[in-house]
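Undergrad: Requesting a structural model of the entry that follows:
(one chain, ligands or ions: 1)
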Amino acid sequence: MTEDSRPGRPVMLGQNQYGKAETRVVKVTRDGATHHIKDLNVSVALSGDMDEVHYSGSNANVLPTDTTKNTVYAFAKEHGIESAEQFGIHLARHFVTSQEAIRTARIRIEEYAWDRIETSDAGPGSGGADRPRHSFVRQGRETRLAQITYDGSSWEVVSGLKDLTVMNSTNSEFWGYVKDKYTTLPEAHDRILATRVAARWRFGWSDDADPMPSWETSYAEVRRHLLQAFAETYSYSLQQTLYRMGARIIDNRAEIDEVRFSLPNQHHFLVDLAPFGLKNDNEVYFAADRPYGLIEATVLRDGCESRIPVDLTNL
Ligand SMILES: O=c1[nH]c(=O)c2[nH]c(=O)[nH]c2[nH]1
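TA: Numbers count the residues shown, from 1 in each chain. Prediction:
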């Protein structure tokens with residue numbers, strides 16, 4: 001028998017709080033061709049006069065957790081996200097001052113920081129002056145990988161990386177796809193494209209008699225080409241972007257014969273702010289973590305064999 005179920009013993013509600021945890025909000029601020037992004041994970045915990053909902057089930061004092069999530073999105077539009085602290089202060093003040101039953105609001109925020117990917121040019125005719133600045137790589141370095149196999153006479157070197165997270169806040173579309181009776185996806189003419197890159201690339205070098213590639217330079221250059229191809233591709237699908245990243249590596253790095261990518265499509269959905277009388281001009285997004293599209297392909301130098309395993313987790 002547990003303590004609380006002993007006959008005659010009074011039962012009391014102790015500390016309690018509620019709210020929506022981990023609302024993933026991405027705010028894009030457009031200053032001409034220069035975009036700024038704020039990427040937050042916001043958790044709201046409210047407490048106050050909440051005895052009744054626990055004791056009797058009366059929801060009379062309960063602001064739904066769904067509403068707290070909507071408030072996060074609406075405030076991202078209305079007040080912007082200057083800093084996590086400022087945003088949290090706005091939210092906490094709002095819940096405590098607008099809801100009589102709520103005495104305390106605790107807002108926890110994780111912020112994911114992004115660096116800009118500087119592109120080499122802005123495309124034909126731009127002269128580089130109004131260079132697009134809408135491409136970002138998430139801070140915190142990726143993990144670099146290497147696999148070396150030697151059978152006594154020949155070498156196989158496969159290098160790679162994982163957890164290199166990148167985002168384009170524009171220059172991505174997805175439309176013209178097959179539609180069957182289960183298709184509900186609206187066509188997109190200006191969407192966020194984001195992925196966490198996992199890649200492996202295989203070197204042509206296999207013989208001690210041949211000069212070895214410079215591994216450090218090669219890694220840095222592959223990474224640079226991959227990021228620049230991501231940033232500079234006007235994309236109609238993640239598949240197309242993947243191919244461009246691979247092709248750019250093969251074209252520019254003679255030491256590499258094969259590249260394979262596994263790219264989760266990290267979907268960002270525009271939040272419908274119309275119910276709150278707000279217009280969402282491609283500014284406020286819900287960053288979904290799952291499910292995700294998973295786009296995988298190998299890009300090969302013409303005439304070379306495909307040897308990197310299909311499933312990169314096996315390498
Ligand atoms: O770039 C994309 N490729 C797809 O194959 C696909 N499918 C989907 O639903 N969204 C996307 N986006």
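Undergrad: Count the neighbours of Phe286 for me.
TA: Neighbour count for Phe286, taken as other C-beta atoms under 10 Å: 17. In short, each C-beta sits where N, CA and C put it, glycine included.
Undergrad: tell me what the helix or strand hosting it is packed against?
TA: According to DSSP states H and E, Phe286 maps onto strand 284-287. Counting by 3 or more C-beta pairs under 8 Å, 6 or more residues apart in numbering; DSSP states H and E, the packing neighbours recorded for strand 284-287 are strand 23-31, helix 65-78, strand 268-270.
Undergrad: Point out the most buried one among these.
TA: Among the helices and strands packed on strand 284-287, the stretch with the highest mean neighbour count (mean count of other C-beta atoms under 10 Å) is helix 65-78, at a mean of 19.
Undergrad: So which elements touch it?
TA: Judged by 3+ C-beta pairs under 8 Å, 6+ apart, helix 65-78 is in contact with strand 23-31, strand 34-48, helix 84-98, strand 284-287.
Undergrad: Between these, which one is closest to Val166.
TA: Comparing these against Val166 with C-beta to C-beta, the closest turns out to be strand 34-48 (11.9 Å).
Undergrad: Going along the chain from that closest one, find the next helix or strand for me.
TA: The first helix or strand that comes after strand 34-48 along the chain, using DSSP H and E, is helix 51-55.
Undergrad: avg pLDDT for that following helix?
TA: Average pLDDT, helix 51-55: 97.
Undergrad: re the thing from before, what comes into contact with the strand holding Phe286?
TA: Residues outside strand 284-287 that contact it (C-beta atoms under 8 Å, 6 or more residues apart in numbering) are 23-28, 39, 73, 76-77, 192, 194, 266-271, 273.
Undergrad: for it, which positions count as buried?
TA: Neighbour-count burial for strand 284-287, with 16 or more other C-beta atoms under 10 Å as criterion, is recorded at 284-287.
Undergrad: Could you do stretch 134-145 as well?
TA: When neighbours are counted by 16+ other C-beta under 10 Å, the buried residues of stretch 134-145 are found to be 134-138, 142, 145.
Undergrad: repeat for stretch 49-67
TA: 50, 53, 62-63, 65, 67.
Undergrad: now stretch 171-188
TA: Neighbour-count burial for stretch 171-188, with 16+ other C-beta under 10 Å as criterion, is recorded at 171-174.
Undergrad: what does it contact?
TA: Judged by C-beta under 8 Å, 6+ apart, the contacts made with stretch 171-188 from elsewhere in the structure are 132, 134, 189-193, 233-237.
Undergrad: ok, of those, which one's closest to the ligand?
TA: The closest of the contacts of stretch 171-188 to the ligand turns out to be Ser237 (C-beta to the nearest ligand atom; 3.7 Å).
Undergrad: Can you check the pLDDT for the residue nearest to that closest one when sequence neighbours are not counted?
TA: The shortest distance from Ser237 to any residue other than its chain neighbours is 5.9 Å, reached at Phe174 (C-beta to C-beta, 6 or more residues apart in numbering). Here the pLDDT value assigned to Phe174 is 98.
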